[in-house]
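*Asks:* with the sequence up front, the predicted model follows.
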There are 2 protein chains.
Amino acid sequence: MSFYVTILGSSSAVPTSKRNLAAQVINHLERLFLIDCGEGTQMQLRKFHIKFTRLNHIFISHLHADHVMGLPGLLSTYSILGRTQPLHIYADPRLESYLSFHQSFFYEQMSFQVVFHPIQTKQSEVIFEDDRLCVSTIPLKHRIPCVGFLFREKPQPRKIKKECIALYKLSIKDIQEIKGGSDFFDGEKWISNEELTFDPPPIRSYAYCSDTRPLKEIIPYIEGVDALYHEATFLEEDTELAKKTYHSTTVDVAQLAVEAKVGKLIIGHFSSRYNHEGKFLEETMKIFPATLMAEDGLRIDIG
Amino acid sequence: MSFYVTILGSSSAVPTSKRNLAAQVINHLERLFLIDCGEGTQMQLRKFHIKFTRLNHIFISHLHADHVMGLPGLLSTYSILGRTQPLHIYADPRLESYLSFHQSFFYEQMSFQVVFHPIQTKQSEVIFEDDRLCVSTIPLKHRIPCVGFLFREKPQPRKIKKECIALYKLSIKDIQEIKGGSDFFDGEKWISNEELTFDPPPIRSYAYCSDTRPLKEIIPYIEGVDALYHEATFLEEDTELAKKTYHSTTVDVAQLAVEAKVGKLIIGHFSSRYNHEGKFLEETMKIFPATLMAEDGLRIDIG
């Protein structure tokens, strides 16, 4: 029942010798979902031994260079390796012209189809959904249109206890009804659904919010998530700079995590201007102790 | 009197966990020159602690994705860091539209000027020259227009022996004439130029040839260079594949190095299809023993 995030890049616009540009990969039940794709993402996928042939969906938060410049190279590699599976990319509609420019500049033909899903950035919308997982957008406020992403598991049916099937001689029809929530009448008495079934596993959720100025308006989307990744580009001392550039500080993010009652907070997207990165964690933990500092290669279990 | 190459990327079209995409940086007298700029080049420059603010000239061999996709990110980083020094880029004329697409897609304004120098690929031409160094192109044959680059030091004037200045009471005019090669008449006898001066240091040269099918025609350009970097994408067993894709094998390159009497050979641009890379070196060294295998981070002194 895997559900975890691997950080591929945790710098802001300029990479450092330790931090690559923005990207992270979600593993949900062994299916991979990529969020953002800064330059070098394909190398990071290899470095951290992630089987990126399992990746079929890429979500792009916004079209700043440090979040998308790894896409053309990743697509090129897929094509050289002979990928045939379609690749779904979800992003601001403008990204399509970026992809098609590279396609026509470099390649005669790609070995696979890119399915482009334009997303609007003003209101939340569901952009991916199957029977196990739902991905929806979180409208953010940056210098250009930008969204976060909420990964929330779908409620699963209650699981029937195997011993009850034999004990009450349940038919397939009975089992379906019990899974749907019904009690069962065994000819003499009613057996409650709780007695016949196990609770489904708790619903797990993860939210990614980068890049953005701090926004109280996102609390309804991120409330109670097991883990929140939020950019903390600046330390508190640079609050004015954060405002000017539509970014957040440690304190902004910690306060948001408190109000939204999230399980844990991961901060990242650190400006390269600071020498002592420990201060990011220090400032955030003072207000919200359950904070982790993103590092390239860090894996965070959700729930 | 530094003159050395640092390999930044040594894979062919697909990077591996150990090998980044094509790029290398030449340090000549503490000035940096970049050859090719595959995705991730800016990270490699940081990783290997290369002061890339000293880089003012970038030479691009050809416009395949694995040789240029690191340019937009490097330029973006320079602009964010506030570079003001112009950056000279030498490449096939089509690269200009690639750069201008990225400029208009991502940036309102760059902090510095890119000076684009179109190069033609059919005949050799001098593309950079100052009083210490000359860079000229080497026409190659790949699937698309492609050139190599020859870095050759300029002949330096003989250096006058300090003790001779005092001994013969040489005037500034005398010194200039002696530096120009004249003998000196001290009123009684002629003193030969050799006696008055030191030999200048030997002229050093480096050639970069990637990507290309093996070409005897390049021998006049690379003959006697101190070091030749040549792609060896395939092992001998894949000669047919090399021909089909306009690449070279170990044996092709070793034979070329023998004929051109180069000082040492560096092979690189290895296909990711092979498990045992040692075979590249083995096959090449059988024919040309003074061979090195490119590795990311490897520094090779020239001359």
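*Replies:* That came through fine.
*Asks:* distance of the residue in the stretch 201-303 of chain A positioned nearest to chain B relative to A:D252?
*Replies:* Among the residues of the stretch 201-303 of chain A, A:S272 lies closest to chain B, at 9.1 Å counting by Cβ to the nearest Cβ. Just so you know, the C-beta spots here come from the backbone N, C-alpha and C atoms, and that holds for glycine as well. Look at A:S272 and A:D252: by Cβ to Cβ, to the nearest Å, they are 19 Å apart.
*Asks:* okay, these two: which has more neighbours?
*Replies:* The residue with more neighbours, out of A:S272 and A:D252, is A:D252; 25 against 17, by other Cβ atoms under 10 Å in any protein chain shown.
*Asks:* so that one sits right up against A:K216, yeah?
*Replies:* No: applying Cβ atoms under 8 Å as the test, A:D252 and A:K216 come out as separate, 10.2 Å apart.
*Asks:* residue contacts, the closest residue to A:E283 other than its chain neighbours?
*Replies:* Leaving aside its chain neighbours, A:E283 sits nearest to A:T250 (3.8 Å; criterion: Cβ to Cβ, 6 or more residues apart in numbering or on different chains). Listed by Cβ atoms under 8 Å, 6 or more residues apart in numbering or on different chains, the contact set of A:T250 reads A:232, A:234-236, A:267, A:279-280, A:283-284.
*Asks:* where does pLDDT dip in the stretch 1-150 of chain A?
*Replies:* Within the stretch 1-150 of chain A, no range satisfies pLDDT under 70.
*Asks:* tell me where it has strands.
*Replies:* Using DSSP state E, counting those that start in this stretch, the strands assigned to the stretch 1-150 of chain A run over residues A:3-9, A:23-28, A:31-35, A:55-59, A:87-91, A:114-118, A:126-129, A:133-139, A:147-153.
*Asks:* tell me which residues of the shortest one come out buried.
*Replies:* Neighbour counts over strand A:126-129 (16 or more other Cβ atoms under 10 Å in any protein chain shown) mark A:127-128 as buried.
*Asks:* just the CA trace of that strand, in PDB.
*Replies:* Below are the C-alpha coordinates for strand A:126-129, written out as PDB (Å, rounded to 0.1, in the frame of the first residue of the first chain):
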ATOM      1  CA  VAL A 126     -10.100  17.500 -10.500                       C
ATOM      2  CA  ILE A 127      -7.400  16.700 -13.100                       C
ATOM      3  CA  PHE A 128      -6.800  13.000 -12.500                       C
ATOM      4  CA  GLU A 129      -9.100  10.400 -11.000                       C
END
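*Asks:* for it, which helices and strands make contact with it?
*Replies:* With contacts taken as 3 or more Cβ pairs under 8 Å, 6 or more residues apart in numbering or on different chains; DSSP states H and E, strand A:126-129 sits against strand A:55-59, strand A:87-91, strand A:133-139.
*Asks:* and the first one, how far from the chain's centre?
*Replies:* Right, strand A:55-59. Relative to its chain's centre, strand A:55-59 lies at 11 Å (Cα atoms, centre = their mean, to the nearest Å).
*Asks:* what sits against the most far-flung residue of chain A relative to its centre?
*Replies:* Using Cα atoms, centre = their mean, the residue of chain A lying farthest from its centre is A:E188. It sits 49.8 Å away. Counting by Cβ under 8 Å, 6+ apart, A:E188 makes contact with nothing.
*Asks:* specify the local secondary structure of it.
*Replies:* Following DSSP: H, G, I helix; E, B strand; the rest coil, A:E188 is assigned to coil.
*Asks:* got the confidence number for it?
*Replies:* Residue-level confidence at A:E188 comes out at 91, pLDDT.
*Asks:* and what of A:G180?
*Replies:* 85.
*Asks:* for A:R158, same thing?
*Replies:* So A:R158 comes in at 88 (pLDDT).
*Asks:* isn't it up against A:E177?
*Replies:* No: using Cβ under 8 Å, A:R158 is not in contact with A:E177, being 11.6 Å away.
*Asks:* neighbours of A:L71, just the number please.
*Replies:* By other Cβ under 10 Å, 26 other residues sit near A:L71.
*Asks:* A:T77 now?
*Replies:* 23.
*Asks:* which residues touch it?
*Replies:* A:T77 neighbours (Cβ under 8 Å, 6+ apart): A:42, B:13-15.
*Asks:* again, 10 Å this time
*Replies:* By Cβ atoms under 10 Å, 6 or more residues apart in numbering or on different chains, the contact set of A:T77 is A:42-43, A:45-46, A:52, A:83, B:13-15, B:21, B:39, B:65-66, B:272.
*Asks:* on that earlier part again, what's the closest non-adjacent residue to the residue of the stretch 201-303 of chain A closest to chain B?
*Replies:* A:V14 (4.8 Å).
*Asks:* for the one you found, which residues are in contact?
*Replies:* Per Cβ under 10 Å, 6+ apart, neighbours of A:V14: A:21, A:66, A:271-273, B:42, B:46, B:73, B:76-78, B:80-81.
*Asks:* ditto for A:V126
*Replies:* A:V126 sits next to A:134-137, A:150, A:152 when contact means Cβ under 10 Å, 6+ apart.
*Asks:* can you check A:H64 too?
*Replies:* Counted by Cβ under 10 Å, 6+ apart, A:H64 has contacts A:12-13, A:21-22, A:36, A:38, A:142-144, A:146, A:211, B:76, B:106.
*Asks:* sorry, back to before: gap between the residue farthest from the centre of chain A and chain B?
*Replies:* 65 Å (Cβ to the nearest Cβ, to the nearest Å).
*Asks:* gap between that residue and A:Y168?
*Replies:* From A:E188 over to A:Y168 (counting by Cβ to Cβ), the distance is 11 Å.
*Asks:* residue of the stretch 51-200 of chain A nearest chain B, please.
*Replies:* For the stretch 51-200 of chain A, Cβ to the nearest Cβ, closest residue to chain B: A:G73, 4.1 Å.
*Asks:* pretty sure that residue sits against B:T41.
*Replies:* No: between A:G73 and B:T41 there is no contact, the gap being 11.4 Å when judged by Cβ atoms under 10 Å.
*Asks:* residues in contact with both of these two, list them for me.
*Replies:* Common contacts of A:G73 and B:T41, defined by Cβ under 10 Å, 6+ apart, comprise A:39-40, B:21, B:69-70.
*Asks:* phi, psi of A:I60?
*Replies:* Backbone torsions of A:I60, given as degrees, to the nearest 10, read phi -110, psi 120.
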